[in-house]
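K.L.:
no sequence on this one, just coordinates:
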């Protein structure tokens, strides 16, 4: 089991993801997460260690409510990176940025005040990964196959990015998971 998340000023790309690699359905919907459970205390862990959140415009337009982050358990500055901040609806606690992803990280980390900056955008996360600005990728794999939607990481023609598992005996080892369709009993 992984150690609890720490608030030490890192850039954390954080998502719950379907087993087939999607973080949202095609319209950025999250209804597929209904009924999915996480370990006790996980939401409080992230609410406590997160100092600021950086997201993208598509996600913001789908869920324009900063009070909904971690079910309302988290309060803090939210930054939305967009090419068109002028047509965004002003919202308390939300700053719309029109800058490079690296500058958005600088601004977000400063606002996080020593805690973590959480990245809630696949596209921004991919850009930050390419820039070498992601410190950790924290995924929670949900027991569901979506088949379509917004992928965590999509970089056709790109070079593979090798990762090291944290809290594992062999950080280069394969992560083994095993599931059964929920409506199927084991064969006798």
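P.N.:
Alright, I've got the coordinates. Keep in mind that this is a model prediction, so the values were computed, not measured.
K.L.:
Any buried residues in stretch 12-30, and which?
P.N.:
12-18, 21-25, 28 (16 or more other Cβ atoms under 10 Å). The C-beta positions use only the backbone N, C-alpha and C, and glycine is treated the same way.
K.L.:
What of stretch 69-84?
P.N.:
Across stretch 69-84, burial judged by 16+ other Cβ under 10 Å covers 69, 70, 74, 76, 77, 78, 79, 80, 81, 82.
K.L.:
how near is the residue lying closest to the last one once chain neighbours are set aside to residue 124?
P.N.:
Spatial nearest neighbour of residue 82, excluding adjacent residues (Cβ to Cβ, 6 or more residues apart in numbering): residue 57 at 3.9 Å. Residue 57 is 10 Å from residue 124, where distance means Cβ to Cβ, to the nearest Å.
K.L.:
got any residues that touch both of those two?
P.N.:
Jointly contacting residue 57 and residue 124 under the rule Cβ atoms under 8 Å, 6 or more residues apart in numbering are residue 81.
K.L.:
Please compare these two by neighbour count and tell me which comes out ahead.
P.N.:
Between residue 57 and residue 124, counted using other Cβ atoms under 10 Å, residue 124 has the larger neighbour count: 24 against 19.
K.L.:
so where's the protein shaky on pLDDT?
P.N.:
1 (pLDDT under 70).
K.L.:
Pull out the buried positions in the one helix or strand residue 141 maps to.
P.N.:
For residue 141, the host element (DSSP states H and E) is strand 136-142. Buried residues in strand 136-142, counted by 16+ other Cβ under 10 Å: 137, 138, 141, 142.
K.L.:
Which strands and helices lie in contact with it?
P.N.:
strand 11-18 (3 or more Cβ pairs under 8 Å, 6 or more residues apart in numbering; DSSP states H and E).
K.L.:
Show me what the strand it packs on pairs with in its sheet, parallel or antiparallel.
P.N.:
Here strand 11-18 has these sheet partners by DSSP bridges: strand 116-120 (parallel), strand 136-142 (parallel).
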